[in-house]
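Asks: Provided below for reference: sequence and predicted model.
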There are 2 protein chains.
Amino acid sequence: MVGGVQTEVQAKMLNKIAVFGVGLIGGSFALALKKAGAVAHVVGLDRSAEALARAQQLGIIDSIAASIGEAVQGADLVLLAAPVAQTEAILAAIAPHLQPGTIVTDCGSTKADVVAAARRALGAKIGQFVPGHPIAGRESNGPDAAIDHLFGDKKVVLAPLPENTAQDIERVASAWTQCGAIIHRLGAEQHDLVFAAVSHLPHLLAYALVDDIANKPHADLLFQYAASGFRDFTRIAGSSPEMWRDIALANRENLSSALAAFIGELDRFRRALEREDAPAISSFFESAKRRRDGWSAKGGTNSPE
Amino acid sequence: MVGGVQTEVQAKMLNKIAVFGVGLIGGSFALALKKAGAVAHVVGLDRSAEALARAQQLGIIDSIAASIGEAVQGADLVLLAAPVAQTEAILAAIAPHLQPGTIVTDCGSTKADVVAAARRALGAKIGQFVPGHPIAGRESNGPDAAIDHLFGDKKVVLAPLPENTAQDIERVASAWTQCGAIIHRLGAEQHDLVFAAVSHLPHLLAYALVDDIANKPHADLLFQYAASGFRDFTRIAGSSPEMWRDIALANRENLSSALAAFIGELDRFRRALEREDAPAISSFFESAKRRRDGWSAKGGTNSPE
């Protein structure tokens, strides 16, 4: 019982955190913890000096790290919120400075590749890395897009490793809970399978739809008539192309399978259309509406566990 | 000049309109004209007696027609806002009662099939039918979903026939303008080609995505993690399955072509993914974002002409 209480006390107040990538996700994490009074000092690192200066100006970070060693030194928690392609290089740079009391977590949209990169980069210190994925975003990026309530009632998926201690997992979970998030757990492989279907494929379809229309000879006429349904459908095609390229490549096997299944579904519909099979077409639209309405009725994105 | 002025006066005030289908679209049209003080009397018809009673209770219609003959008798304008599959039967029932001073227009999401149906049903009176398509909607249906500002700043596409007089086209345009809408003109064939790409295909994809996920063995787990991107993407899959079945069948050739082109686009992406072609994948995401952002910057759905 005493151990439990101590854990809670440790988790409630972080003396120092280091945030790699002070944009939308990293910046919102820092702002949320500050608002909750859950952190004493936030040090920031970023490949962009301009972003760091802006983050300090906005009160997202308290100081700009002079070096990776200085940033990690004495930190309770290190959050990786840089583009996922940089994860292995950052972890490799952190590794020599990583002390036993420091936990590292990440925000990557894929997990199996991050875990593999972390094992290569951290070696024997892998137990200090707790993989994570906050399910939240906005269309805009950078420090100016950061807000203190981005994670309120949003899911954060943790994909703990066998090497993590229960206490370290709990410390990461507690930091996110103080940002207002709801904690879920999935294995890394299961995480990537799920998100290929519910996130990576839909994003890909939105981009593909815009590309498809843009490449038609009468594209300007078509865009002129794109209505609100099209806007909703393609809103997600406004997010970062760099991020989506990295996600698509990192999760390519699951995404390719999800895409093949979806193409099969479209082919079946097309065949029903060509044989004018009204009952098959009805059943397609009706079953989708039933499932979609059922999902919405259960609260959609904010459904409790 | 005198003729022009008279036309405008006629258009500003409609003595009587008949609305077939008193749900979202027909009801909103009646409410908008009433709010603008542009109609003296609205008579309603619907396959549902309950909907008619409710529409009268809500002040959408002033009277319930005892017969089709009574409804059409003396009407300046007849609006067809019933499910599009009923269009030909309604027009055939109207035809014997249609007097020279009355114009008929419709709200169908496809136009070539409606024009063909109207030619069969109206025969020599085809000149009195001005095909139309208001580009507006909500997720809910029925008289209770009707609102007086549904068409505000929304596009209404008119697809006039060679047999229509300029004055009759102008009278229909004027009624919609008084509902707050912006008038566009397209030929029926061109209309169906455009809307296959920007509306029918996106709707189909949204339904297909929900179906695809619902049919997977771990569907419940997947729906649990569907985030806001998925919600936006599939919001349109909440609309009427009956309507979408009819649209898909009515516009099946254009939709099938649009679907084939889109499947080709997905196949190309999948091949790039399988050969881990990062530059091709980058270029795919970047060009889509550029086009999408360009479209949004021009005002998206509400872009002026």
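Replies: Everything's here; your move.

Asks: tell me the secondary structure at A:I183.
Replies: Of the three states, A:I183 takes strand under DSSP: H, G, I helix; E, B strand; the rest coil.

Asks: how far away is the residue nearest to it when sequence neighbours are not counted from A:V114?
Replies: Nearest residue to A:I183 in three dimensions, chain neighbours excluded: A:A173, at 4.7 Å (CB to CB, 6 or more residues apart in numbering or on different chains). Every residue, glycine included, has its C-beta placed from N, CA and C. Using CB to CB, to the nearest Å, one gets 18 Å for the distance from A:A173 to A:V114.

Asks: these two: which is more packed in?
Replies: Using other CB atoms under 10 Å in any protein chain shown, the more surrounded residue of A:A173 and A:V114 is A:V114, with 27 against 21.

Asks: which stretch of helix or strand covers the more buried one?
Replies: helix A:112-122 (DSSP states H and E).

Asks: could you name the helices and strands sitting against that helix?
Replies: For helix A:112-122, the elements it packs on are helix A:87-94, strand A:103-106, helix A:188-195, helix A:241-250, judged by 3 or more CB pairs under 8 Å, 6 or more residues apart in numbering or on different chains; DSSP states H and E.

Asks: and the strands in the stretch 151-300 of chain A?
Replies: Taking DSSP state E, counting those that start in this stretch, the strands of the stretch 151-300 of chain A run over residues A:155-158, A:182-185.

Asks: so what secondary structure elements neighbour the last one?
Replies: Applying 3+ CB pairs under 8 Å, 6+ apart, we find strand A:182-185 packed against strand A:155-158, helix A:166-178.

Asks: cutoff 6 Å now
Replies: On a contact count with 3 or more CB pairs under 6 Å, 6 or more residues apart in numbering or on different chains; DSSP states H and E, strand A:182-185 meets strand A:155-158.

Asks: now swap in the first one and tell me
Replies: When contacts are defined as 3+ CB pairs under 6 Å, 6+ apart, strand A:155-158 packs onto strand A:132-134, strand A:182-185.

Asks: most tightly surrounded among these?
Replies: Comparing the helices and strands packed on strand A:155-158 by mean neighbour count (mean count of other CB atoms under 10 Å in any protein chain shown), strand A:132-134 comes out on top with a mean of 25.

Asks: report whether the lengthiest helix in chain A contacts chain B.
Replies: Counting by DSSP state H, the longest helix found in chain A is helix A:252-274. Yes. Helix A:252-274 is in contact with chain B by CB under 6 Å from any CB of the partner chain, via A:252, A:256, A:259, A:262-263, A:265-266, A:270, A:273.

Asks: possible to save those as JSON lines with neighbour count and pLDDT?
Replies: Conversion of these to JSON lines gives the following (neighbours: other CB atoms under 10 Å in any protein chain shown; pLDDT from 0 to 100):
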{"residue": "A:R252", "neighbour count": "22", "pLDDT": "95"}
{"residue": "A:S256", "neighbour count": "17", "pLDDT": "97"}
{"residue": "A:L259", "neighbour count": "24", "pLDDT": "96"}
{"residue": "A:F262", "neighbour count": "24", "pLDDT": "96"}
{"residue": "A:I263", "neighbour count": "18", "pLDDT": "96"}
{"residue": "A:E265", "neighbour count": "18", "pLDDT": "93"}
{"residue": "A:L266", "neighbour count": "20", "pLDDT": "96"}
{"residue": "A:R270", "neighbour count": "18", "pLDDT": "95"}
{"residue": "A:L273", "neighbour count": "21", "pLDDT": "95"}
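
Asks: nearest to B:S67, of those residues?
Replies: Nearest to B:S67 among the residues of helix A:252-274 next to chain B: A:L273, at 37.9 Å, using CB to CB.

Asks: identify the residues contacting the closest one.
Replies: A:L273 is in contact with B:252, B:256, counting by CB atoms under 6 Å, 6 or more residues apart in numbering or on different chains.

Asks: show me where the stretch 1-150 of chain A has helices.
Replies: Secondary structure of the stretch 1-150 of chain A (DSSP state H, counting those that start in this stretch): helices at A:2-12, A:24-35, A:49-57, A:68-72, A:87-94, A:112-122.

Asks: TSV for these, including mean pLDDT?
Replies: Formatted as TSV, these follow (pLDDT from 0 to 100):
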stretch	mean pLDDT
helix A:2-12	44
helix A:24-35	98
helix A:49-57	98
helix A:68-72	96
helix A:87-94	97
helix A:112-122	97
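
Asks: deepest-packed of the ones you listed, please.
Replies: Compared across these, helix A:24-35 shows the largest average neighbour count, a mean of 25 (mean count of other CB under 10 Å).

Asks: does any bit of it sit next to chain B?
Replies: No. Applying CB under 6 Å from any CB, one finds helix A:24-35 separated from chain B by no less than 14.0 Å.

Asks: alpha carbons only: can I get that helix in PDB?
Replies: Output of helix A:24-35 as PDB, limited to C-alpha atoms (Å, rounded to 0.1, in the frame of the first residue of the first chain):
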ATOM      1  CA  LEU A  24       1.100  20.300 -32.000                       C
ATOM      2  CA  ILE A  25       1.500  17.000 -30.000                       C
ATOM      3  CA  GLY A  26       4.600  17.700 -27.900                       C
ATOM      4  CA  GLY A  27       3.500  21.300 -27.200                       C
ATOM      5  CA  SER A  28      -0.100  20.300 -26.200                       C
ATOM      6  CA  PHE A  29       1.300  17.600 -23.900                       C
ATOM      7  CA  ALA A  30       3.500  20.200 -22.100                       C
ATOM      8  CA  LEU A  31       0.700  22.800 -21.900                       C
ATOM      9  CA  ALA A  32      -1.800  20.200 -20.500                       C
ATOM     10  CA  LEU A  33       0.700  19.100 -17.800                       C
ATOM     11  CA  LYS A  34       1.400  22.700 -16.900                       C
ATOM     12  CA  LYS A  35      -2.300  23.500 -16.700                       C
END
